[in-house]
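Q: Below are the sequence and a predicted model; questions follow.
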Amino acid sequence: MNGYSPLSYKTDLKPVWCPGCGDFGVLNSLYRALAELKIEPHDTVVVSGIGCSSRLPGYVEAYGFNSLHGRALPIATGAKLASPALKVIAVGGDGDGVAIGGNHFLHAARRNTDLTYIMMDNEIYGLTKGQAAPTTPIGDKTKSTTYGNPEAAVDPCALAISFGATWVGRGFSGDVKGTAELMKLAIAHKGFAFLDIISPCVTWRGDDQHKEIRAKLRTLPAGYDKTKRTSADAYTNEADVVTTGVLFEVEHPTLIDEILEIRWKAQGDKQPPTRKDLLKAFTPSF
Amino acid sequence: MNGYSPLSYKTDLKPVWCPGCGDFGVLNSLYRALAELKIEPHDTVVVSGIGCSSRLPGYVEAYGFNSLHGRALPIATGAKLASPALKVIAVGGDGDGVAIGGNHFLHAARRNTDLTYIMMDNEIYGLTKGQAAPTTPIGDKTKSTTYGNPEAAVDPCALAISFGATWVGRGFSGDVKGTAELMKLAIAHKGFAFLDIISPCVTWRGDDQHKEIRAKLRTLPAGYDKTKRTSADAYTNEADVVTTGVLFEVEHPTLIDEILEIRWKAQGDKQPPTRKDLLKAFTPSF
Amino acid sequence: MSEITFAIVGSGGDGAVAAGDILSMACARDGLHVIKTEAYGPQIRGGESSCTVRVSSEKIYAQADDVDALIVFNWADFGRFRSEISLSADAFVLHEAKDPAPPEIATDRVFGVPFNDLAREAGAPNGKNILALGILAELFGLPAEAIRAAIAKRFAKKAQAVVDSNLAAFDRGVMYCSGLARPSRRLEYVKTTPHLLMSGNEVCAVAAIDAGCRFFAGYPITPSSEVLHFLAEWLPRIGGSTLQTEDELAAIGAVVGGSFAGVKSMTATSGPGLSLMAEMLGLASIAEIPAVVYNVQRGGPSTGIPTKSEQSDLMHALYASHGDTPRVVLSCSDVEDTYQATVDSFNIAEEFQIPVITLTDQSIAQRRETIAAETLEHEVVERRIAHDLTGYKRYRLTEDGVSPMSIPGMSGGMYQTNGLEHDEQGRPSSMYVVHERMNEKRFLKLEAVAKKYRLFTRFGPQKAGIGILCWGSSAGVVREAIAKLNAEGIAAAAFVPRILMPLPAEEIEKFIASVDELLVVELSHSQQFYRYLRTQVDMPRNRTHVYARSGGRALRVGEVIEQVKRFALSEVTA
Amino acid sequence: MSEITFAIVGSGGDGAVAAGDILSMACARDGLHVIKTEAYGPQIRGGESSCTVRVSSEKIYAQADDVDALIVFNWADFGRFRSEISLSADAFVLHEAKDPAPPEIATDRVFGVPFNDLAREAGAPNGKNILALGILAELFGLPAEAIRAAIAKRFAKKAQAVVDSNLAAFDRGVMYCSGLARPSRRLEYVKTTPHLLMSGNEVCAVAAIDAGCRFFAGYPITPSSEVLHFLAEWLPRIGGSTLQTEDELAAIGAVVGGSFAGVKSMTATSGPGLSLMAEMLGLASIAEIPAVVYNVQRGGPSTGIPTKSEQSDLMHALYASHGDTPRVVLSCSDVEDTYQATVDSFNIAEEFQIPVITLTDQSIAQRRETIAAETLEHEVVERRIAHDLTGYKRYRLTEDGVSPMSIPGMSGGMYQTNGLEHDEQGRPSSMYVVHERMNEKRFLKLEAVAKKYRLFTRFGPQKAGIGILCWGSSAGVVREAIAKLNAEGIAAAAFVPRILMPLPAEEIEKFIASVDELLVVELSHSQQFYRYLRTQVDMPRNRTHVYARSGGRALRVGEVIEQVKRFALSEVTA
Ligand SMILES: Cc1ncc(C[n+]2csc(CCOP(=O)(O)OP(=O)(O)O)c2C)c(N)n1
Ligand SMILES: Cc1ncc(C[n+]2csc(CCOP(=O)(O)OP(=O)(O)O)c2C)c(N)n1
Ligand code: SF4
Ligand code: SF4
Ligand SMILES: [Mg+2]
Ligand SMILES: [Mg+2]
C-alpha cells in the first residue's frame, strides 16, 4: 500500500446497503480515521456479527471477519488476547450488540478488553426487514410490534458506561468528518472504547430519519467532565435530542495489561518451565 | 395448607448446601416472606438456573423449576406472560445471573417484566468448586485465577438499575429477618424487582466470610431518595462497605400492563375475530 | 392439465413482485392453482428482483422447472438470475424495447416492448408492471376480469385516479397484443370457487392459532420471521401474546416457561436459531414440557445462504442437545401440508409432553400457494391434566410414559420440575436405576407417538421398478416427477415420511420391498436423510442410489426424472 | 497379574479420599499400576465420599468390577454407595467397631476396628484414614515404605509433629494387624520405575501445551473444569493465556478468534456447554478455522447427572449445528490415550482447518491413573501457512480441500472470512454453483483426514466367534473382558475406532467380516453408537447384538462377559 489515504482502505466489493443508508457514512468515516491514524491494514482485524451493518468488514481493506449474529465481541476478544499486537475493531448493529450480543458487550467492557467497538445504531433490525430492536423507542410500530413497541428502549452509551467501558462516545453517520474524529479517539484509546453511531435505516425507519436526527443533534457543553460516570447521565437516554461527542473517558488497566502482569507474576524473567516442572504434581518424587 | 407459617413452605427435601452456607439464611427469609405475605403456594412459581443456590426451588412448597444455567429469567418470563395470575419468583447465583445469564437479566429488567429476581451473591462459582465469578473482586485467587483475578467485578445492583429494573435492593443472608422484609417489598413490587443478597460461600470464599461481611454492613441514610437513579451511585460498587436496603424504586408500566394494553388496542371489547377475519388477507375477495 | 409459468424480472421500483402478487391473487379468485416465488439480488433493497408465478388448471405441488413467459424490464437485472431461471423451449420473452436482448437469448419468440413509453402513454408512468400483466393476460388467456378486480383492490386505498390509470395501463397492455405474435400455448381452465393464497409461514401461524397456541416467543430470522409478524398481530386479538426475545436462547426458554404454566406455546426460527436452542431442547425433553419449534431451513452451514432453501438441518433437528434426548420431528411437504404438520406438532407436544420440531424450508415457507380453505381443518388434542392430585407424582411411571401434568395454579399439584435427572416426584437423583428407568419412560413416549402418528404419503403404483424416498419440500417435486414418469409408462413410486422422529421404519421397509431400485432424493450435500434412514432401515446395498446435492437451487422435476432414468432404466434396458 | 481393589468410605472429615491419594501415589512410585476413582453424595461438601483404588502388578485399563478390601468409617455413609460398590466373594471388610455391620454385610471376613480410638492413641485424632492405610498395607502387602514416604510428603508443609503423628498412626495400623485374620490374597509385585499419576483432564491439559496450544478460553463445568484450572496456572508461564468467559458461546467464540489470529486455541466443556457451542461450530466449519473442543461427557440429557459418566453426547458431537457442517470427532479410550487424542486433535484441526471435538467422559477425565512418562510423546503438526501471497485466495480450491491460510499481521494476506457462503476470496455468494463447490471443498478435507488418520485399536484373535464394537471409556472394560474371555478359551475380539468422524468404516467392515457374532457395547440408552455405525456400515441383520444402557454406573467387565456369553455361547452351544 502506498501512503495512507481513505481510498486505500476501500475494497472492490460493492456495499449491499440501500441507497441513503447511514452505514455508508460510517464506512467513510472509518476509511478516514484509519488513514489519518496511519493504521496498517494488515495489522488490523475488523470483526462483525450479522446484520446490514455487519457487512462492513467486507468493505475495509484489513483482515475481516463477518461472523455470527451477536458474537463479534468474543471473537474479537480471542483474536486480541491471542495476538496482542493486532489492532482489533468490532463493528455491528444495535440488535447484534444489545439484543443477542448484550452479554458479550457487558463482559468485554467489564474486562476493559483492548478493543474498539463501533455500533451502527439505527434503532431497528435492518437486515431482517424491520422488527423492533432494544433501541427502538417504546410505542413505535414495527413489523413485530403491530400495536406499538411495548418495551422501553435502552441507550447503548448508558449501558456501556455501566458495564465498565473506559471510553464511550456518540456520533452521527451524517457527520462523516466529526465521526471520523471520534473514531480516531476511540481507536487510539487504551482499553475498551465504545462508539455508538446513530446511523439511520431509511428503509425501515423512514426517509426522514436523516433530517429528523440532524434536527436533534447537539454537542457536549464546554467544561463537560467526561471522567465522571455520572456526568453522562444528562446526555444519555435523552428523549428529544441526540448529543454527540466523548461522553466518558477514564484510564484503567486493560485486559492485556492484566494478562501481561499475570505472565510476569507466573514466570517473570525466569527460565521457562521444563517438562519436568509441568509434570511435577503428578510425579511421585518422595 | 392450613394457615401461612414459614414452616408450611418447607418441603421434605434436605438442602444439599454445605454447613454454614449463606443460602440457608436466604431460604429461611423466603419462607418468612411468603408466609407473611400469605402467598398461596400453588399460585407461586419459583424458577432457578443451575448452581448451589439454584437448588432452592426444591426446598420451597410451590411450583418449582430448577432449569438451566443462566436461563431462569426467560423461563420465568414465559410463565408470567402466559399465565399472568401467577406470582413468579426467579432465584439463582451470581454466576448464573451475571455471567451466563447476563443478557436475560438486562432484557427482563428493561421490559420491566413482572418478576421478583433474587440473586444469592457469593462472589464465586460455588457448585463448580470455586472459580471466579463476574462479582469476584479483582486480584482474588481462585481455582481459575491462579495469579489473581484479572477482571474487575461488577455490582449486580448497579447493573440492575442501569438495565431498567424498577425496584432494586440489597440484603445479607445473615440477617434473616431484615432480608425477609426486603423480600416482602420485592415480591409486592409491581414490575421487575431485583434483590441482591450477599450470601457467603464458606467453602470457597472461606469460613470468615460471615464475620467479614457483617463488619462491613451498613444501612441507607435517613432521607435517602430511592427514586433517583443517581442516588444509588454512592451505595453501589462500594469497596469496603456493604449497604443493605431498598436502593431504588420507581413505578413504570410493567410488561403485563403493556401486554394488556396491546390486547385492548388490538381487540378491546369487540367480538373476537372469526376464522374469516383471520384469513382475510389471504382471501381473494374482490 | 393446462399450465403456464410466468417470470417478471426488474429492479426495485419496477414492481415485478407487485405484478406477480396481483396475478396470483386474481388466479386464486377464479379457482386456478398458483405457486408464486420471489428472488432478490444481494442488495438489501432496491436491487434486482424476480417473481415467478406458476398457474395451472389443476393442483400443483412445486414450482415449475421452466418459465414459459418472461418479462424483463432490464437485462442487467436478469443477469443475476440467469442461473436460476430456466426458459422452456418455446418460451415467450418480452423485454423493454430500449434494452435489446443479449444474443444468447434472442430467438423468434423474443420481443421488445416499449413498456415505459406505453405505461406513460396510459397515464401510469409507474405502471409498466401492470401493463405487462395486460399483455400476459391477453396472450395467455389469463382471467382478465379477475386481474382488473385485483388491480382495483390493490390500489383501493389510493386516489381513484391511481386505480384508473393502472386499469388503463392494463388495458393498454391488452390492446398492445394485437401487434404481437401469439404464444404456442394458452391457459385453459374453468372458473371455480376461489382459493386462499398463502405462504407456508402464514399457514403455520394460522395453524398454531387453530391448534390453541396462545403464547409465541421468538427472535426474528429469515426466512421464518413472518410467523412472528402474523402472530404479533393476531394473538393479542384472541387473548394471547407474543414476546420478541433478546435471542433464541430466551425464545425457547420463554416457550418452555409458558408451556410449563399451562399455555400452548411455540417459537419459529431458522438454522442458526435452532442451533442456539440445542441446550433448552434437552431441558424440555427431560422436564417433559410440551414445546413446538417451527424451523425453516435455509442454506447452511452457519449464516450460509439465508434466502435460499436446503434440507440440511435434519441431523441437527434429530440429534441436537447432548445426552439421550427424545424429541419428535415432523416435516412439511408443501404449503397446505404445513397446516396438518403444525397442528400435529401441537397435538403431539401436548399429548406426549415432549418438544416437537416442525421442519420446513425456505421454498415452502416463503412461496405463496393456492389452497382450499377446507384443507385448513384438523382435530386438536389437549394435554393430559392430572385431575386427581392425591399422592400426585409429576413423573409417575406409566404404560406409555406420559404422566398427567398439574399446572401452576392448581392447588395440591405442586412439584419441582428439573433438568437434573429426577425421580417420579421430580426430586434430583444421581442413581443409575432411576436414570435408566426415567430414560426408558421418556423414550417410551416415542413408541406411543409412532403407534398413533403414522404420518407418511405414498405416490405411484403399488409395485414399481423404482421407488423414491424423500422428505419435506422435495416431496412436491418428486410427486410431479412420479406423475410424469407414470404417464410415460415408467412404474415409479415414492414414499414420503412426514414424521421423521420416530421414523416409520416398518412402512419404509415395506415400501422398499415393493420396488426394485431405490433412489433417495434430498437437498443436503452430506446425505443427511439417507444416512438417517440407514440408522433404522436396512437399505439394500446393491439397489440403493442416492441423489443428494446442496440446496441453493430448487430441485427440478426434470432432475428427478433424469436420476430415475439413470438408475432405473439404464439398468433395466442395459 | 496380581491385583487388589480397595475402597474407603466415610464422611467429609474422615479423609477417605486423602487416604486413597496417598495410597495411589505410593503405588505409582514403586511402579505399580493404579486406577483411582472417587464418588460423592449429593451434599456439596461434607457429605459422604468414597474412594476406590485398584492396584495391580500389570497394566490395567478400567476400574475393577468388585472391591476386595473395604474400609467403612460409617455404615450410613456406605448406604449411599451400596448400589455402586460391589464386593468380591472373598472381600475383606474393616469397619469402625462402634458402628456394627448391618446383617446383610456381616460375614466371617467382616471385622470391627476401633479406628477412632486407635488413631487417638497414636496421637493423631484425625489420622484414622492413615491408620487404615497401615492396616491395609500390612494385610495386603502394599509398599509400606512408599506409603510412609507419601505420608511424609503429604504433610510436609505442616509441622513435623503432624508428620510424626500420622506416621505413628500408620505404624499403629500395621501393628494392629497382628490380631486380625489374614485375607486370602496379597499383592505380589516387583518394584520398578515410578509412574506418573494423572487424570484424563490433566493429561489433556499437558497434551494441549505439548501440541502448541497457547490460548485457552473456557467456562467452568463439571467434569471438565480441571483443564481450565491447570492451564490457568501453566499457560501464562509459557507466554500463553487463558480467558474465563461469560459463557460457552463466548468461550468457543474466543477460541475461533484466537485461532483466526494464528494461535492454537482450545476450549474444554461438558454436554451443556457443547450444546451451547453448536452454532459456533458451524462457523468454524464454514470459515475453516482450526478449533479444538474437548468435551467430557456426563449423564444426560440436560443437567442430568453431572458427576457421572455416560457416552451420550456422541450424536450431538457428530451432528450439532444446522447445515452440512463437516467436523472431526476423536475419542479418548483411557487416561493415557487422552494424550494422543488431544495432540491428534490439534494436529488435525491445524492441518485441515476444521473444528475437532475430542470426546471423553467423566470416568476417564476424573479418575487418576498411572501412566509411563514416555507415553506422553507425539508428533506435532503445524498449520499450512500461505507464504506466497501473490493473487492470494483464502479459500482457494485445492486437491485435498485445504487452502493455505494467511494470518493477521501478514502483509498482503488480507481477506474476509465469512459465515455466509463465500467464494474463493471469501466474498459472500448465494449462488448454487459456489455453494456446491464449497461444500465439496469442505467435505474433501474429511476424506483427507480419513486417509491420514487411521486411528483404531483391535484386541483379541484375528478370527473370532464374537467381535465387540465399542468406543471411548468402554474400550478399557472391553479390553479386560476380552483378555478374560480369551483366557477362558473363548475367541472374542474387539474393535475400537478412536476416530469417529470420519469413521474408519472399511476397517470396521473388515472386522465384522472376521467375526461370527457382533456385539455393540455402549453407555447410551438410545444406542447412539450403534445407530451411528449403521449410517455408514452394513451391520449384519441376524448376527448383530446391541448392549446399550444408560450411564450413571460404570460398565463392568463381568457385564460385558455376560453379554458375550449370552449372544455368542448360547447360540454356539444350543
Ligand atoms: C442466531 C441468529 N438469529 C437471528 C438471525 C437473523 N438476524 C440477522 S441480522 C439480525 C438483526 C439485524 O439488526 P441489527 O443487528 O441492528 O443490524 P442492522 O441490520 O440493523 O444493521 C437478525 C435478527 C441470525 N442471523 N442469527
Ligand atoms: C451451560 C452450562 N455451563 C456451565 C455449567 C456448570 N455450572 C454449574 S453451576 C455454575 C456456576 C455456579 O455459580 P453461581 O451461579 O454463582 O451459583 P453458586 O453455586 O455460587 O450458588 C456453573 C458454571 C452448567 N451447568 N451449564
Ligand atoms: S435496510 Fe436499513 S440498515 Fe439495512 S441497508 Fe437498508 S437502510 Fe441500511
Ligand atoms: S459450595 Fe459455597 S455456595 Fe455452595 S453450598 Fe457450599 S457454601 Fe454454599
Ligand atoms: Mg439495527
Ligand atoms: Mg455464586
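A: Nice, I can see it. Residues are numbered from 1 along each chain as shown, chains lettered A, B, ... in the order given. Ligands and ions are numbered 1, 2, ... in the order given.

Q: What are the neighbouring residues in contact with residue 129?
A: This is for chain A. A:143, A:204, C:222, C:225 (Cβ atoms under 8 Å, 6 or more residues apart in numbering or on different chains). Backbone N, C-alpha and C define where each C-beta goes, glycine included.

Q: Hmm, no, I was thinking of chain C.
A: Counting by Cβ under 8 Å, 6+ apart, residue C:129 makes contact with C:8, C:10, C:14, C:15, C:16, C:18, C:19.

Q: ok, 10 Å please
A: C:8, C:10, C:13-23, C:51, C:71, C:73, C:115, C:119, C:166, C:169, C:173 (Cβ atoms under 10 Å, 6 or more residues apart in numbering or on different chains).

Q: which SSE is it in?
A: helix C:128-140 (DSSP states H and E).

Q: Could I have the CA atoms of that helix written out in PDB?
A: Provided in PDB are the C-alpha atoms of helix C:128-140 (Å, rounded to 0.1, in the frame of the first residue of the first chain):
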ATOM      1  CA  LYS C 128     -45.300  -0.800 -16.600                       C
ATOM      2  CA  ASN C 129     -45.700  -3.900 -14.400                       C
ATOM      3  CA  ILE C 130     -49.500  -3.600 -14.700                       C
ATOM      4  CA  LEU C 131     -49.200  -3.000 -18.400                       C
ATOM      5  CA  ALA C 132     -47.100  -6.200 -18.700                       C
ATOM      6  CA  LEU C 133     -49.900  -8.000 -16.900                       C
ATOM      7  CA  GLY C 134     -52.300  -6.800 -19.600                       C
ATOM      8  CA  ILE C 135     -50.100  -8.300 -22.200                       C
ATOM      9  CA  LEU C 136     -49.700 -11.600 -20.400                       C
ATOM     10  CA  ALA C 137     -53.400 -11.800 -19.800                       C
ATOM     11  CA  GLU C 138     -54.300 -11.300 -23.400                       C
ATOM     12  CA  LEU C 139     -51.600 -13.500 -24.800                       C
ATOM     13  CA  PHE C 140     -52.000 -16.400 -22.400                       C
END
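
Q: on contacts alone, who are the packing partners of the host helix or strand of residue A:256?
A: Element membership of residue A:256 [criterion: DSSP H and E] is helix A:255-266. Judged by 3 or more Cβ pairs under 10 Å, 6 or more residues apart in numbering or on different chains; DSSP states H and E, helix A:255-266 is in contact with helix A:72-82, helix D:225-234, strand D:241-244.

Q: Just say which of the ones you listed is most tucked in.
A: helix A:72-82 (a mean of 31; mean count of other Cβ atoms under 10 Å in any protein chain shown).

Q: So what's the gap between that one and the chain middle?
A: On the basis of Cα atoms, centre = their mean, to the nearest Å, helix A:72-82 is displaced by 13 Å from the centre of the chain it belongs to.

Q: now check it, is it near chain B?
A: No: judged by Cβ under 10 Å from any Cβ of the partner chain, helix A:72-82 stays clear of chain B, getting no closer than 10.8 Å.

Q: just to revisit the earlier point, of the contacts of residue C:129, select the buried ones using a PyMOL command.
A: Per 16 or more other Cβ atoms under 10 Å in any protein chain shown, the buried members of the contacts of residue C:129 correspond to this PyMOL selection:
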select buried, chain C and resi 8+10+14+15+16+17+18+19+20+21+22+23+51+71+73+115+119+166+169+173
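
Q: Give me the subset of the contacts of residue C:129 lying in helices.
A: When these are checked against helices (DSSP state H), the matches are C:16-23, C:115, C:119, C:166, C:169, C:173.

Q: residue closest to the middle of the chain?
A: All of this refers to chain A. Central residue of chain A (Cα atoms, centre = their mean): residue A:117, 1.8 Å from the mean position.

Q: if you could check chain C rather than the one you did, that'd help
A: residue C:364 (2.2 Å).

Q: The residue nearest to the centre of chain A: what's it in contact with?
A: A:47, A:72-73, A:76, A:88-92, A:97, A:104-105, A:108-109, A:156, A:160, A:165, A:167-168, A:186, A:192-196.

Q: Is the helix or strand containing it positioned near ligand 5?
A: Using DSSP H and E, the element containing residue A:117 is strand A:116-121. No: Strand A:116-121 does not reach ligand 5 (Cβ under 5 Å from the ion); its nearest approach is 6.8 Å.
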